[in-house]
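*Asks:* For reference, the sequence and a predicted model appear below.
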Amino acid sequence: QVQLVESGGGLVQAGGSLKLSCAASGRAFSGYAMGWFRQTPGKEREFVAGINWSSRTQYADSVKGRFTVSRDNAKNTLYLQMNNLKPEDTAVYYCAARNYANYGLTSGEYNYWGQGTQVTVSS
């Protein structure tokens, strides 16, 4: 069992930066693959970034080059550094964990979810 708590969301102007954190409690965080997803009203939750146990990463095309996912296994924490934010990045951002070595690209592949944190980018 893993409990996830996101933080770091907020309101930022276009071109600005935010860093999201996801604190995990429970056992064997280092063995979980982790993901960041986002969701806007009326739309399905979409993949943003994934990181596996060895810190191999993958990004959605829409955020590639602007967002960086990382993990600190000693602190049981997942991060998402978001730079050059755009209004279309506005969403609720969720971190997720799955008890496999590699990340998945769809929300259904994840076992555990945080409560979400709102990111709003103004133009």
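*Replies:* Thanks, I have the structure now.

*Asks:* contacting residues for the residue nearest to the spatial centre of the chain?
*Replies:* Nearest to the centroid of the C-alpha atoms of the chain, with distances taken as C-alpha atoms, centre = their mean, sits W36, at 2.3 Å. If a contact means C-beta atoms under 8 Å, 6 or more residues apart in numbering, then W36 has 20, 22, 47-50, 69, 78, 80, 93-96 as its contacts. Where you see a C-beta, it was placed from the backbone N, CA and C, and this is true even at glycine.

*Asks:* got it, and L11?
*Replies:* Residues near L11 by C-beta under 8 Å, 6+ apart: T120, V121, S122.

*Asks:* Phi first, then psi, for the second one.
*Replies:* The one in question is V121. Backbone geometry at V121, expressed as degrees, to the nearest 10, gives phi -110, psi 120.

*Asks:* Please spell out the ChimeraX selection for the buried subset of the contacts of L11.
*Replies:* To isolate in ChimeraX the members of the contacts of L11 that are buried, counting by 16 or more other C-beta atoms under 10 Å, one can use:
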select :121
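
*Asks:* and of the contacts of L11, the nearest to G65?
*Replies:* Distance to G65 across the contacts of L11 (C-beta to C-beta) is lowest for V121, with 16.5 Å.

*Asks:* so the closest residue to that closest one other than its chain neighbours is in which element?
*Replies:* Nearest non-adjacent residue to V121, counting by C-beta to C-beta, 6 or more residues apart in numbering: L85, 4.6 Å away. With secondary structure defined by DSSP states H and E, L85 is part of neither a helix nor a strand.

*Asks:* Checking F37 next. Helix, strand or coil?
*Replies:* Secondary structure of F37, reduced to three states by DSSP: H, G, I helix; E, B strand; the rest coil: strand.

*Asks:* Is it bridged to anything, and to what?
*Replies:* F47, Y94 (DSSP bridges).

*Asks:* can you pull the contacts of it?
*Replies:* The contact partners of F37, by C-beta under 8 Å, 6+ apart, come to R45, E46, F47, V48, Y93, Y94, C95, A96, S107.
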